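**Student:** pasted the sequence and its predicted model underneath.
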Amino acid sequence: MTEPAISQLQPLPDDWQRALAVVAHPDDLEYGCAAAVASWTDAGREVSYVLATRGEAGIDTLEPARCAALRELEQRASAAVVGVSEVAFLDHGDGVIEYGPALRRDIAAAIRRHRPELVVTLNHRDTWGGTVWNTPDHRAVGRATLDAAGDAGNRWIFPELTEQGLEPWDGVRWVAVAGSSSPTHAVDATAGLERAVRSLLEHRTYIEALTDEDPEAYARTLLTGFAEETGKRFAGVPAVAFELFPR
Ligand SMILES: [Zn+2]
């Protein structure tokens, strides 16, 4: 008997200059795709982050106002580690983000402002694969980001954005979804993996509340494990996987 063929992931296109990553919470990008971001900024590409919330409901022992301020600082520090200097927050409510026109409008505005060719977001599907249920915030932001890539190019869907001076941007060529259970593409994580570990470690308060493990050992084991698992479908090269939606 022969082994079942492992479907190989394709290299993510690299003929682009600007990317915008849109996710729900501080740490969403660091749990998996920061190594790809590091490799992009190494290559001289511009990457900016937009977060729908400040992750204020993420730590049981910390009340939301204090938590928001702390997690914003941690997010800015973790972005800086992988070469990202621009981090914006849309201030939707952590845990109760609603999918709908208001969220699509805020993300479309960010896309018009940054004019990216590549938009990155986190798993918009119901599960992480199998029966591991995804969170409502990730589903809402992922779906709204896929939708907003189109909304950003249409003058008439959110006319108030044009009135604010944000001209339509129809230049998004792909939306790349990290953490998908159906990935199609990957990015070599070799050069960025160590910085990805340090980037995740910047979320120290969150990690310390989450696990009793040594934070650095926790971050390294987790990210190396993800990258090696993806590598099995990427010629053995440690990698970050994405499900790519061309436009
Ligand atoms: Zn999250």
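**Tutor:** Right, received. Where do you want to start? Numbering: from 1, shown residues only.
**Student:** quick check: closest non-adjacent residue to Gly241.
**Tutor:** No Gly there; residue 241 is Ala. Spatial nearest neighbour of Ala241, excluding adjacent residues (Cβ to Cβ, 6 or more residues apart in numbering): Pro183 at 3.6 Å. For every residue, glycine as well, the C-beta is placed using N, CA and C.
**Student:** where's that neighbour relative to the ion, distance?
**Tutor:** Note on Pro183: its distance to the ion, by Cβ to the ion, to the nearest Å, is 18 Å.
**Student:** confidence score at that residue?
**Tutor:** With respect to pLDDT, Pro183 scores 97.
**Student:** what does the protein put close to the ion?
**Tutor:** Ala24, His25, Asp28 (Cβ under 5 Å from the ion).
**Student:** swap the cut-off to 8 Å and go again
**Tutor:** Selection of the chain residues close to the ion by Cβ under 8 Å from the ion yields Val23, Ala24, His25, Asp27, Asp28, Tyr31, Gly55, Gly58, Leu122, Thr135, Asp137, His138.
**Student:** I'd like to know how many residues surround the first one.
**Tutor:** Other residues within reach of Val23 by the criterion other Cβ atoms under 10 Å amount to 27.
**Student:** going forward, the N-terminal residue is numbered 640.
**Tutor:** Got it, the first residue is 640 from now on, which makes the last one we talked about Val662.
**Student:** quick one: contacts for the spatially closest residue to it that is not a sequence neighbour?
**Tutor:** Spatial nearest neighbour of Val662, excluding adjacent residues (Cβ to Cβ, 6+ apart): Leu761 at 4.8 Å. Contacts for Leu761 (Cβ atoms under 8 Å, 6 or more residues apart in numbering) come out as Val662, Ala663, Asp667, Leu668, His777, Val780, Gly781, Val816, Ala817, Gly818.
**Student:** and those residues, which are buried?
**Tutor:** Val662, Ala663, Asp667, Leu668, His777, Val780, Gly781, Val816, Ala817, Gly818 (16 or more other Cβ atoms under 10 Å).
**Student:** which of these sits closest to Val876?
**Tutor:** Val876 has its nearest neighbour among those in Ala817, at 17.2 Å by Cβ to Cβ.
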